[in-house]
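Novice: A structural model of the following input is requested.
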Amino acid sequence: MKYWVLGVLCIGGFVMLFSNKTTAKEKEKHTFYDYSFRSLENNEPLPASMFQGKVVLVVNTASKCGFTPQYKELEELYLKYKDRGLVVLGVPSNDFGAQEPGSAKEIQSFCELNYGVSFPMAQKEVVSGKKAHPFYLWAKQTLGVLSAPKWNFHKYLVNKEGGLVDFYVSTTKPTSDKITQKIESLL
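Specialist: Here you go, the predicted model:
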């Protein structure tokens, strides 16, 4: 019995070892540029490849959240660094507390009227769970399960080569030293 259990554990270890190598290879194959969104403004394709050579902060947003005022700081960050190569990409999501119930027109109008948002915004997407947008599934796979969005205004930072650099939880303000110093080091 002891040898049977040991054998099962060894086989399980080999399966995990080889499946982790496959995962590592898959991680190497993909970059942010492999993914695409749709524009909030006109529902046209918004391929991430259009941001090649830029640093990108991807943020899942919501209009009726306690963190919604972060739109103001996201716009400030975008205006401060856009000429140096930063793009902020807003991705509305209704995943957390149903706090983004509006249509594309309603979301766009809200962002423009209340916060003067001029950075690119994508159509509303699922950002958590098994049905998440492929970018969010890749981000979770690449940076680990703890990097998955737990609430609105979760942020991912992408370098100029399309690699994921870091993630920031909702409570991390867009203009915090933690984020701005990292952006400056990547620009």
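Novice: Now do the helices in the chain.
Specialist: The residue ranges that make up the helices of the chain, judged by DSSP state H, are 2-29, 70-81, 104-115, 134-143, 177-186.
Novice: just checking, Glu75 touches Val117?
Specialist: Yes - the pair formed by Glu75 and Val117 meets the contact definition of CB atoms under 8 Å, at 5.6 Å. Using the backbone N, CA and C atoms, a C-beta is placed for each residue, glycine as well.
Novice: For Gln99, which residues are in contact?
Specialist: Shown in contact with Gln99 (CB atoms under 8 Å, 6 or more residues apart in numbering): Ala62, Ser63, Lys64, Cys65, Asn152.
Novice: Distance of it relative to Phe153?
Specialist: Taken as CB to CB, to the nearest Å, the spacing of Gln99 relative to Phe153 amounts to 10 Å.
Novice: Please identify every residue contacting each of those two.
Specialist: The contact sets of Gln99 and Phe153 overlap at Ala62, Cys65 (CB under 8 Å, 6+ apart).
Novice: Pull the number of nearby residues for Ser170.
Specialist: Residues contacting Ser170 under the criterion other CB atoms under 10 Å number 20.
Novice: Tell me who's in contact with it.
Specialist: When contacts are taken as CB under 8 Å, 6+ apart, Ser170 is in contact with Phe67, Lys150, Trp151, Asn152, Phe153, His154.
Novice: Columns pLDDT on top of the residues you listed, output as TSV?
Specialist: What follows is these, written out as TSV (pLDDT from 0 to 100):
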residue	pLDDT
Phe67	97
Lys150	97
Trp151	98
Asn152	98
Phe153	98
His154	98
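Novice: Determine which two of the residues you listed are furthest apart.
Specialist: Considering CB to CB, no two members of these lie farther apart than Phe67 and Lys150, which are separated by 11.7 Å.
Novice: between those two, which one's more packed in?
Specialist: Remark: of Phe67 and Lys150, Phe67 carries more neighbours, 18 against 12, as counted by other CB under 10 Å.
Novice: Spatially nearest residue to the more buried one (excluding sequence neighbours)?
Specialist: Computed as CB to CB, 6 or more residues apart in numbering, the closest residue to Phe67 that is not its neighbour in sequence is Phe153, at 4.1 Å.
Novice: these two touch, right, that neighbour and Ala62?
Specialist: Yes - with contact defined as CB under 8 Å, Phe153 reaches Ala62; the gap is 7.4 Å.
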